[in-house]
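Engineer: Predicted model and sequence below, questions to follow.
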Amino acid sequence: MNEPNLKVKIGDLELKNPVLVASGTFGYGLESSDFVDIEKLGGVVTKSLSLKPRKGNPPQRIAETPSGMLNAIGLANIGVERFLKEKLPLLTKFNTKIIVNIAASTIEEYIECVRMMTAENIDAFEINVSCPNVKEGGLEFGTNLSKVAEITSKTVTVSTKPIIIKLTPNVTRISDFAKAVKDEGATAVSAINTFVGMAISINSRRPKLSHNTGGLSGPAIRPLAVAKVFEIKKNVDIPIIGIGGITNYEDALEFILAGASAIQVGTHNFVDPSASEKIVSGLSDYCKRMNIDDINELIGDVQLN
């Protein structure tokens, strides 16, 4: 058969395939270019950017857990101005979509970050309202329905590019938040950000992270993340980018069958920086084996019991 169509659309944003790399696990999109052909990916989601540079939390900031990882980096980043000057000109040389992740401590900061970058050569913004390991903003925004709606409305107003809202799973009904951001004009949602977790050293009797708790990611959360994507798909007509513990094309297909139009590879980039490229090949091979001409046929095609 002919090569299957792997192109997918997130609103008006067309990706050459549904495989993205997740914010915070791929640097600013340049650091892993020696290990993976970035141009074979659907797109790159940058490390979270704040208006001004942030140092993040003090060490220890990462702790390994069974089938996963806790992190409390604290959104350390170089800030918008340095990103525009030092990183973006190099990143735009690659033939792939660029999605800039934005994190902030205030609603005004979200607005200003989007305003400063909306005229740049950027394809979309992913608004991080759901980081669980910062002391200001972060989870405080992501678990507050009215705040998430307000951030969505105000960033949509100042942006000429698609707005994708990255949702926290640390809520009772994630679909309520997806509906709220859709109603305020968001193009899509990313689901999910990390779960709040904690690890304690039995020798020191202290938390292993300086921040005490952190965000749990990796394969341990994949079934939970798939369920969140499925919940959104059942209840809200909005494109979903699935995230959570994806290590191979089989994992990616679970999210797609549950309702995701695209996926992001996160923690596994630390294990295998070329994983995302391998997933693209795996999806293509699967479609050929199953005589599927267009990967869009699989979106939300789970056959329920």
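Structural biologist: Arrived safely.

Engineer: for the helix or strand encompassing residue 263, the distance to its chain's centre please.
Structural biologist: Here residue 263, judged by DSSP states H and E, is contained in strand 262-265. Centre-to-centre, strand 262-265 and its host chain are 7 Å apart (Cα atoms, centre = their mean, to the nearest Å).

Engineer: counting contacts, what elements does it pack onto?
Structural biologist: strand 19-21, strand 240-243, helix 249-258, helix 275-289 (3 or more Cβ pairs under 8 Å, 6 or more residues apart in numbering; DSSP states H and E). (C-beta placed from N, C-alpha, C; glycine too.)

Engineer: So which residues of the stretch 151-300 of the chain form strands?
Structural biologist: 163-166, 188-191, 195-197, 214-217, 240-243, 262-265 (DSSP state E, counting those that start in this stretch).

Engineer: For the chain, give me the ranges with low pLDDT.
Structural biologist: Along the chain, the parts satisfying pLDDT under 70 run over 1, 131-140.

Engineer: could you pull out the helices for the protein?
Structural biologist: Using DSSP state H, the helices of the chain run over 80-82, 88-91, 107-117, 139-142, 145-158, 174-183, 222-235, 249-258, 268-271, 275-289.

Engineer: hang on, isn't residue 73 packed against residue 61?
Structural biologist: Yes - at 5.2 Å, residue 73 and residue 61 qualify as touching, with contact defined as Cβ atoms under 8 Å.

Engineer: what are the pairing partners of the strand holding residue 263, and which direction each?
Structural biologist: Under the criterion DSSP bridges, strand 262-265 sits next to strand 19-21 (parallel), strand 240-243 (parallel) in its sheet.

Engineer: can you pull the buried residues of that strand?
Structural biologist: For strand 262-265, burial by neighbour count (16 or more other Cβ atoms under 10 Å) applies to 262-265.

Engineer: How about stretch 74-86?
Structural biologist: Here stretch 74-86 shows 74-75, 77-78, 80, 83-84 as buried, counting by 16+ other Cβ under 10 Å.

Engineer: Just give me the closest of those residues to residue 177.
Structural biologist: Minimum distance to residue 177 across the buried residues of stretch 74-86 is 20.2 Å, recorded for residue 75 (Cβ to Cβ).

Engineer: Next, work out how far apart residue 217 and residue 169 are.
Structural biologist: Using Cβ to Cβ, to the nearest Å, one gets 11 Å for the distance from residue 217 to residue 169.

Engineer: and those two? which has more neighbours close in?
Structural biologist: More crowded of residue 217 and residue 169, by other Cβ atoms under 10 Å: residue 217, with 29 against 22.

Engineer: for the closest residue to the more buried one other than its chain neighbours, what are its contacts?
Structural biologist: If you skip the residues right next to it in sequence, residue 217 has residue 267 as its closest partner in space, 4.5 Å away by Cβ to Cβ, 6 or more residues apart in numbering. Residue 267 sits next to 25, 68-69, 217-218, 245 when contact means Cβ atoms under 8 Å, 6 or more residues apart in numbering.

Engineer: what about 6 Å?
Structural biologist: Counting by Cβ atoms under 6 Å, 6 or more residues apart in numbering, residue 267 touches 69, 217-218.

Engineer: Return the set of buried residues in stretch 215-224.
Structural biologist: For stretch 215-224, by 16+ other Cβ under 10 Å, it's 215-222.

Engineer: for stretch 174-192, same thing?
Structural biologist: For stretch 174-192, a neighbour-count test (16+ other Cβ under 10 Å) marks 174-175, 177-182, 184, 186-192 as buried.

Engineer: now stretch 256-276: how far from the chain's centre is it?
Structural biologist: Remark: stretch 256-276 is offset 9 Å from the chain centroid, using Cα atoms, centre = their mean.
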